[in-house]
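> predicted coordinates and the sequence they were generated for:
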Amino acid sequence: MIKIVTDSTVDLSKETIDELGITVVPLSTTIDGFSYIDGVDFSAEDYMQIMANAKELPKTSQPPVGKFVEVFDELGKDGSEILAINLTTKMSGTHNSAVAASEISNSKVTCYNSQYISHAMSYQIREAVEMARKGFSIDAILERLDKVRECTSLYIVVDRLENLVKGGRVSKSMGFLGSMLNIKPIASLAGGEYTPVAKVRSYSQVIKFLAKQFAEDIKGKTIKYVGIAHADGLEHVNNLCDAIKDYVKKEQIYIHHTCPTISTHTGPGAISFTYMVE
């Protein structure tokens, strides 16, 4: 048997996590000197208000190696193999913690760098679970994950630049200029790295850009998954769903509030738009 482990940036509901039968190792955030565990100490929605009232930008932390060892050992007690699929190494050391833990654990563990976050990573989780239930080997699953990763696109849109500036991902001068001009940066996560691809002046232009990109990318292909995650940006989610309704129905789109770790870096109003086509 193969059991799947991932982290809390996967942006899946508890019901979906239970349905898939996966184990989630949470990241944590430190707010004004106190440490909180993603999805345990408060909801993703409640976190937005907590962050807004914080004296300074919260700090995010990867799970400790020991936590992964504990999870791997427990899941492997019955002889099961473990496949750990975690967020991109370009944004966190979580994958590296899992790798270090795999070398200590008594279980047989394989670690895979998803090169993504949020729903884009969840597509890999879903495919891995389906194949594991059908009895496929680790090698076969890894080969499929490479394909899923190659066929996935993820775009991140930040409403305000303050958190990116405070987190050191955008310079202060760029943040000041962006705020003055009301710029909405659009970035992709191709190759697992935050890469700016466009700058627009309004969210209506954001929606047009994403809808156009989606329409171009799906030509002649089959849509496998579509997902939108947001940080208190439900209005933008609904507008994007309307913009792509000719290609996919809203009820077919995975929509979820993103986890505290991601919200910390994006700030309120951000959305991510992900899809996989083959």
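Nice, thanks for sending it over.
> count the residues that sit near residue 35.
12 (other CB atoms under 10 Å). C-beta: built from backbone N, CA, C; applies to glycine.
> tell me which element it falls in.
strand 34-37 (DSSP states H and E).
> in that strand, what counts as buried?
By 16 or more other CB atoms under 10 Å, the buried positions in strand 34-37 come out as residue 36.
> what mean pLDDT does it get?
Per-residue pLDDT over strand 34-37 has a mean of 90.
> quick one: list the elements packing against that strand.
strand 28-31 (3 or more CB pairs under 8 Å, 6 or more residues apart in numbering; DSSP states H and E).
> quick one: secondary structure of residue 228?
strand (DSSP: H, G, I helix; E, B strand; the rest coil).
> separation between the closest residue to residue 186 other than its chain neighbours and residue 212?
Distances taken as CB to CB, 6 or more residues apart in numbering place residue 198 nearest to residue 186, at 4.3 Å, with adjacent residues excluded. Between residue 198 and residue 212 the computed distance is 11 Å (CB to CB, to the nearest Å).
> more neighbours: which of those two?
residue 198 (16 against 11).
> the more buried one: what's it in contact with?
185-186, 209 (CB atoms under 8 Å, 6 or more residues apart in numbering).
> rewinding a little: go through the helix or strand that comes right after the strand holding residue 35 and flag the buried ones.
Counting by DSSP H and E, the element after strand 34-37 in chain order, helix or strand, is helix 44-53. Buried positions in helix 44-53, judged by neighbour count with 16+ other CB under 10 Å: 44, 47-48, 50-51.
> quick check, nearest of the residues you listed to residue 12?
Residue 12 lies nearest to residue 44 out of the buried residues of helix 44-53, by CB to CB, at 11.3 Å.
> spit out the contact partners of the closest one.
Counted by CB under 8 Å, 6+ apart, residue 44 has contacts 257-260, 263.
> in TSV, list these along with pLDDT and neighbour count.
What follows is the contacts of residue 44, written out as TSV (pLDDT from 0 to 100; neighbours: other CB atoms under 10 Å):
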residue	pLDDT	neighbour count
257	94	21
258	93	28
259	92	28
260	91	30
263	88	25
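> from those, which two are the most distant?
So, the contacts of residue 44 by CB to CB: farthest apart are 257 and 260, at 9.9 Å.
> any low-confidence regions in the stretch 101-250 of the chain?
Counting by pLDDT under 70, the stretch 101-250 of the chain has low-confidence residues at 160-182.
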